Structures are given as structure tokens and as C-alpha cells.
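Asks: Generate a structure from the sequence data that follows.
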Amino acid sequence: MPMQPDESPQPLRHETPDERADRNLVGLLQELRVVQTGVQIVSALLLGLACMSRFPQLNDFERDTYTSPPCCSAWLPS
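Replies: Here you go, the predicted model:
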């Protein structure tokens, strides 16, 4: 049956706006957990690079380029 122009579509889920907000919040928190794990892994790899034997051979630009992201991420509030 075609919808009339003045009818609004019925929601697929029967939930209140508060329940929808809760569901969206749970989804966002789950994505945050995944991102946090990825950031921890990348940070560990970057910190491990500083222990390699070639790190002291880097010039100033390369060293600054390497150290800027970890310093900025440590500075940001969690």
C-alpha cells in the first residue's frame, strides 16, 4: 500500500527516544574501545622504534618528525 504524502514512515524498531540514545551511546563506546586498542598498539610500535640501533643516526628533522606524534598524543587528555 503506497504511503500518503502526509503520513510519516513508521520506525522499524519500537523504542523510545531514550532507548535509542542509550543504544547509540553503547555503539559509540564500543567503537571507542576498538580505537583505544589500536592507538595503544601503534604507540607501542612507535616507542619500540626508539630502541632500534638506527635511531641515533637520524638527523634533527627525522627525529622531530618521529617524536612529535607520541608527544602530542601523550599531551592530549584521555
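
Asks: switch to C-alpha atoms for all contacts and neighbour counts from now on
Replies: OK.

Asks: Count the residues that sit near residue 72.
Replies: If you count neighbours by other CA atoms under 10 Å, residue 72 ends up with 9.

Asks: sec struct for residue 46, please.
Replies: For residue 46, the reduced secondary structure class is helix; criterion used: DSSP: H, G, I helix; E, B strand; the rest coil.

Asks: What's the separation between it and residue 24?
Replies: Remark: distance between residue 46 and residue 24 (CA to CA, to the nearest Å) = 33 Å.

Asks: what about the two, which has more around it?
Replies: It is residue 46, of residue 46 and residue 24, that has more neighbours when counted by other CA under 10 Å, with 15 against 12.

Asks: which residue packs closest to the more buried one, ignoring adjacent ones?
Replies: Setting aside the residues directly before and after it, residue 46 is nearest to residue 70 in space (CA to CA, 6 or more residues apart in numbering), at 7.6 Å.

Asks: The one you found touches residue 45, doesn't it?
Replies: No. Using CA atoms under 8 Å, residue 70 makes no contact with residue 45, being 10.7 Å away.

Asks: and the two? which has more neighbours close in?
Replies: Under the neighbour definition other CA under 10 Å, residue 70 and residue 45 were set side by side, and residue 70 has more, 15 against 11.

Asks: Please compute how far the one helix or strand the more buried one maps to lies from its chain's middle.
Replies: Using DSSP states H and E, the element containing residue 70 is helix 60-75. Helix 60-75 has its C-alpha centroid displaced from the chain centroid by 20 Å (CA atoms, centre = their mean, to the nearest Å).
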